[in-house]
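Asks: have a look at this prediction, sequence included:
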Amino acid sequence: MGQDGAWYAITAKEGRLNRDTGTLELWGDVNAFQDTGMELQTDNVVIDFESNSGYGLDPVKGQGPVGNVKACLLYTSPSPRDRTRS
């Protein structure tokens, strides 16, 4: 479950968790699903649990409630409203 309360599921053929850096690298038919109905497909993605961000340098495609998505790469990070103030 994400910090926003949403559910996420990601599948891939292979992956590697690096506990020292807090990253998860997934490759080979990566499919990401969110409970809002968004679905993305790519060949490689790196998720950084420390910064709640992720990126992929391979083409990405997907679909969801807002329509279809096609891009040459992927980058995601928390919106400013999701960050906690100290």
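Replies: Looks like it arrived, so ask away.

Asks: shaky segments in this protein?
Replies: The chain contains residues with pLDDT under 70 at 1-4, 79-86.

Asks: residue ranges of the strands in it, please?
Replies: 8-11, 14-18, 23-34, 39-48, 53-56, 60-64, 67-71, 74-76 (DSSP state E).

Asks: can you lay out the ones you listed as a markdown table showing mean neighbour count?
Replies: All C-beta spots, glycine's among them, are computed from the backbone N, C-alpha and C. Putting the strands of the chain into a markdown table (neighbours: other CB atoms under 10 Å) gives the following:
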| stretch | mean neighbour count |
| --- | --- |
| strand 8-11 | 13 |
| strand 14-18 | 12 |
| strand 23-34 | 17 |
| strand 39-48 | 18 |
| strand 53-56 | 18 |
| strand 60-64 | 16 |
| strand 67-71 | 10 |
| strand 74-76 | 15 |
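
Asks: please report how far the residue nearest to the spatial centre of the chain lies from Gly62.
Replies: Closest residue to the average C-alpha location of the chain: Gly54 at 5.4 Å, with CA atoms, centre = their mean. For Gly54, the distance to Gly62 (CB to CB, to the nearest Å) stands at 14 Å.

Asks: does Phe33 have beta-bridge partners, and which?
Replies: Per DSSP bridges, the residues bridged to Phe33 are Ala9, Glu39.

Asks: what sits against it?
Replies: Going by CB atoms under 8 Å, 6 or more residues apart in numbering, Phe33 touches 8-10, 39.

Asks: export the residues you listed as a markdown table, with columns for distance to Arg19.
Replies: Formatted as a markdown table, the contacts of Phe33 follow (distance: CB to CB, whole Å):
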| residue | distance to Arg19 |
| --- | --- |
| Tyr8 | 20 |
| Ala9 | 21 |
| Ile10 | 18 |
| Glu39 | 28 |
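
Asks: of those, closest to Leu26?
Replies: Ile10 (6.5 Å; CB to CB).

Asks: so what's the closest residue to that closest one other than its chain neighbours up against?
Replies: Excluding its sequence neighbours, the residue lying closest to Ile10 (CB to CB, 6 or more residues apart in numbering) is Ala32, at 4.7 Å. Residues near Ala32 by CB under 8 Å, 6+ apart: 8-10, 39-41, 45, 62.
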